[in-house]
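**Q** here is the input, now give the coordinates:
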Amino acid sequence: MKQLLVDDVGEFGLIRRIMHDFIFRPELLVVGPGDDGAVYRTPGGYDQVISTDTMVEGIHFTRKTMSPFDVGYHLAASNFSDMAAMGAEAVGFVLSIALPGDLPLSWVDRFYDGLRACCRKYRVNLLGGDVTGSTKGLILTGTVTGMVPEGKAVTRSGARQGDIIFVTGTAGDSAAGLYALLHDMGEEWPSLTVRHQRPEPQIPLGILLRKAGAHALNDISDGLSREWNEIAKASGVELEIELEKVPLSEAVRALAERVHRDPLTWALNGGEDYQLTGTISPSDFDTIKKEMPITPVGRVVKKPGTGVYVWRHGQRRLLQAKGFDHFEK
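**A** Residues are numbered from 1 along each chain as shown. So this is what the prediction gives:
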């Protein structure tokens, strides 16, 4: 039997095919997908938050590293993670996709299955979007809207002298999982590959940290070295980190030992962990540490100040931002 392609059903046939199971919070919806625009409401006393993220075939994923379901889940999760980094709740999602005409319809079906699974888990309404053709592979852009109590959004610019610098969960798992996939070792390291293919945005932790009084937040999308430098620059502070305290999973350590790599390289420069890092006062840290997986890794030592300095093996050095950069040569 011939495999159906996108070209076989056309733009509007494809839209009819995917238009189902989009709404998970109907109380926030006025006009749903299918019109020229969706209309949603934000409850009184809340600010709106918006962010966007794109995945491009060959840069963010390949057919070898992610299944169609993974791509859909990952696209939603990466967008929702930006809400977590603001201490906000994700509530709406709009999708714009460019697809080659020879793409199997089964790929599109599974992509939307993954997208819906992530939206369902985090109760985010899929409000619609746009479908167009592509001659250069898959280009997938998501835009997420969120809400946060008025004046309470947590930014990168609020770090204060004396704050503790923290990391939630573990870092480096996604980059290590990608390494395993690219080197045909994925089946040996499932706990790492799933962190790369289907990351979990830390929305509940972001909300807890906002309520606990976190002064600055960033999600770990481009690696800790870049996230810490962004906080230092935005806040005008100097950060001091003890690299031995960076939380690494046993699987990351084991794979690094197997392939003779420094596991901290994955944590510092790998990205796509979608955990959170930021700063909080010592007293508020003591209050929150029993409620979540959170690790203190350093201090804000100067304000005003600039830069990130790290200690390792008794030596202090400046940490450059070496996380993923799309335009770095």
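**Q** which residues of the stretch 151-300 of the chain fall in helices?
**A** 173-182, 190-197, 203-212, 224-235, 250-259, 263-269, 282-288 (DSSP state H, counting those that start in this stretch).
**Q** on contacts alone, who are the packing partners of the fifth one?
**A** Contacting helix 250-259 under the criterion 3 or more CB pairs under 8 Å, 6 or more residues apart in numbering; DSSP states H and E are the following elements: helix 173-182, helix 190-197, helix 263-269. Every residue, glycine included, has its C-beta placed from N, CA and C.
**Q** show me which positions of the second one end up buried.
**A** In this case it means helix 190-197. 192-197 (16 or more other CB atoms under 10 Å).
**Q** can you check the longest one too?
**A** Across helix 173-182, burial judged by 16+ other CB under 10 Å covers 173-181.
**Q** ok, these vs residue 229, which is closest?
**A** Within these, the smallest distance to residue 229 is 17.6 Å, found for residue 175 (CB to CB).
**Q** residues contacting the closest one?
**A** Going by CB atoms under 8 Å, 6 or more residues apart in numbering, residue 175 touches 196, 223, 266-267, 269-273.
**Q** one step back: tabulate the buried residues of helix 173-182 (a markdown table), appending distance to residue 281.
**A** Shown next, in a markdown table, are the buried residues of helix 173-182 (distance: CB to CB, whole Å):
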| residue | distance to residue 281 |
| --- | --- |
| 173 | 28 |
| 174 | 29 |
| 175 | 31 |
| 176 | 32 |
| 177 | 34 |
| 178 | 35 |
| 179 | 37 |
| 180 | 38 |
| 181 | 40 |
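**Q** adding pLDDT and distance to residue 165, write those out as TSV.
**A** Below are the buried residues of helix 173-182 laid out as TSV (pLDDT from 0 to 100; distance: CB to CB, whole Å):
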residue	pLDDT	distance to residue 165
173	98	20
174	98	21
175	97	20
176	98	22
177	98	25
178	96	26
179	97	26
180	97	29
181	97	31
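**Q** looking at these, spot the one nearest residue 17.
**A** Residue 17 lies nearest to residue 181 out of the buried residues of helix 173-182, by CB to CB, at 29.5 Å.
**Q** keeping just the C-alphas, turn stretch 106-121 into CSV.
**A** Below are the C-alpha coordinates for stretch 106-121, written out as CSV (Å, rounded to 0.1, in the frame of the first residue of the first chain):
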residue,chain,number,x,y,z
SER,A,106,2.3,9.3,9.5
TRP,A,107,5.2,11.6,10.5
VAL,A,108,2.8,14.5,11.0
ASP,A,109,0.3,12.4,12.9
ARG,A,110,3.0,11.2,15.4
PHE,A,111,4.5,14.7,15.7
TYR,A,112,1.1,16.0,16.8
ASP,A,113,0.6,13.1,19.1
GLY,A,114,3.8,14.2,20.9
LEU,A,115,2.8,17.8,20.9
ARG,A,116,-0.6,16.9,22.4
ALA,A,117,0.9,14.7,25.0
CYS,A,118,3.0,17.5,26.4
CYS,A,119,0.1,20.0,26.2
ARG,A,120,-2.1,17.6,28.0
LYS,A,121,0.5,16.9,30.7
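**Q** any idea which helix or strand carries residue 96?
**A** Residue 96 is part of strand 89-99, with elements assigned from DSSP states H and E.
**Q** what strands flank that strand, and is each parallel or antiparallel?
**A** Paired neighbours of strand 89-99 in the sheet (DSSP bridges): strand 125-133 (parallel), strand 139-149 (antiparallel).
**Q** so which of the contacts of residue 175 comes closest to residue 2?
**A** Ranked by distance to residue 2 (CB to CB), these are led by residue 196 at 33.4 Å.
**Q** residues contacting the helix or strand harbouring residue 47, please?
**A** Assigned by DSSP H and E, residue 47 falls within strand 46-56. With contacts defined as CB under 8 Å, 6+ apart, strand 46-56 is touched by 42, 60-61, 71, 74-75, 78-79, 82-83, 86, 88, 137-153.
**Q** same question for the following helix or strand past it, mean pLDDT?
**A** Using DSSP H and E, the helix or strand that follows strand 46-56 in sequence is helix 68-84. The pLDDT scores in helix 68-84 average 98.
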